[in-house]
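Starting from these lines, generate the structure:
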Amino acid sequence: MKTVLITGGSKGIGLSAVLRYQKQGHKVITCSRNTQTWNEAVTRFPELANVDFQSVDLADNTQVEHFFDHIREQYSVLDIAINNASPKLASGGVFSEVPVDALFSTLQCDFWAHALCLKYELQLMKQGSTVVNVSSVNGFRPTPNAAMYSASKHAIEGLTHSVALEAIKQGIRINAVSPGVTWTPRWQDRVTQSQPGLKEEVEAAVPLARFANTDEIVNAIEWLCSDQSSYVVGHTLVVDGGLSLA
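Have a look, this model is predicted:
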């Protein structure tokens, strides 16, 4: 049995990861800003009642510190950490026209929060532990109208590769997963509320001609956290149906 932390575990990729590791019998810790969303997930999946859920805004340094104090007091160590949390994009639009606060919010939520969590996670890890940072295909290609999000994901890539070389000296492996378009509640909301033809339009740009499902992304995360990837260090595993090649 391992102790597994998955940030942003109330929906999407994070929820699928929580379910995967909980069903395997591990001690699972997760967090989200929205307690109601987590409660709805528990209603759908009653087995999640055994998961240690904490309401945390990862953009708040003090809340993050208290969260890791809780983990240290209750569990002492972490074996696996999956840094997945990513809120709805606040800074969409032409970069020069996006409000400064929105740009900063994206940088804080999509990069700084992951970096801070990684810092605290490593302090709780020992030889044989693993970290996977959830990046994006937008972390290695330009993304007009989402420039700060893309920049944040580029930063996640740099952080992953650099800290991987530091942490491997203690026997801790750090890698990343870079999903392409993945069918999550966020995409469902966009299609349902305002863009009914968007799903087909996006799928037409993907060589595999469909969205990923969340379990396909979790398959990659799980592999990078397992002994099967024991010789993989500082790598970004792209899971995008060929999108980045198109």
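
check contacts around the closest residue to residue 121 other than its chain neighbours.
Leaving aside its chain neighbours, residue 121 sits nearest to residue 81 (4.2 Å; criterion: CB to CB, 6 or more residues apart in numbering). All C-beta spots, glycine's among them, are computed from the backbone N, C-alpha and C. By CB atoms under 8 Å, 6 or more residues apart in numbering, the residues touching residue 81 are 4, 5, 6, 117, 118, 121, 125, 129, 130, 131, 132.

Filter these down to just the ones in strands.
Using DSSP state E, the subset of the contacts of residue 81 located in strands is 4, 5, 6, 130, 131, 132.

Who wins on neighbours among those residues?
residue 6 (30 neighbours; other CB atoms under 10 Å).

I figured that residue hits residue 21, correct?
Yes: at 7.1 Å, residue 6 counts as touching residue 21 under the criterion of CB atoms under 8 Å.

list the residues that contact both of those two?
What both residue 6 and residue 21 touch, as defined by CB under 8 Å, 6+ apart, is the set residue 28.

and the contacts of residue 81 as a markdown table, adding distance to residue 150?
Listed next are these as a markdown table, based on distance: CB to CB, whole Å:
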| residue | distance to residue 150 |
| --- | --- |
| 4 | 29 |
| 5 | 26 |
| 6 | 24 |
| 117 | 21 |
| 118 | 20 |
| 121 | 24 |
| 125 | 29 |
| 129 | 29 |
| 130 | 26 |
| 131 | 22 |
| 132 | 20 |
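
Any chance of JSON lines for those residues, columns pLDDT and distance to residue 167?
Below are those laid out as JSON lines (pLDDT from 0 to 100; distance: CB to CB, whole Å):
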{"residue": "4", "pLDDT": "98", "distance to residue 167": "17"}
{"residue": "5", "pLDDT": "98", "distance to residue 167": "15"}
{"residue": "6", "pLDDT": "98", "distance to residue 167": "19"}
{"residue": "117", "pLDDT": "98", "distance to residue 167": "14"}
{"residue": "118", "pLDDT": "98", "distance to residue 167": "9"}
{"residue": "121", "pLDDT": "98", "distance to residue 167": "10"}
{"residue": "125", "pLDDT": "98", "distance to residue 167": "8"}
{"residue": "129", "pLDDT": "98", "distance to residue 167": "9"}
{"residue": "130", "pLDDT": "98", "distance to residue 167": "10"}
{"residue": "131", "pLDDT": "98", "distance to residue 167": "8"}
{"residue": "132", "pLDDT": "98", "distance to residue 167": "13"}
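
If we only consider the residues you listed, which is nearest to residue 70?
Nearest to residue 70 among these is residue 5, at 10.9 Å by CB to CB.

Surely the closest one is in contact with residue 30?
Yes: assessed by CB under 8 Å, residue 5 is found in contact with residue 30 at 7.3 Å.

for this protein, what helix or strand is lowest in average pLDDT?
helix 185-193 (a mean of 81; mean pLDDT, DSSP states H and E).

mean confidence score for the following helix or strand past it?
Per DSSP states H and E, the first helix or strand lying C-terminal to helix 185-193 is helix 198-203. Helix 198-203 shows a mean pLDDT of 90.

Give the buried residues for helix 198-203.
Neighbour-count burial for helix 198-203 flags 199, 202 (criterion: 16 or more other CB atoms under 10 Å).

what packs against it?
helix 185-193 (3 or more CB pairs under 8 Å, 6 or more residues apart in numbering; DSSP states H and E).

who does the helix it packs on touch, helix- and strand-wise?
Using 3+ CB pairs under 8 Å, 6+ apart as the test, helix 185-193 ends up in contact with helix 198-203.
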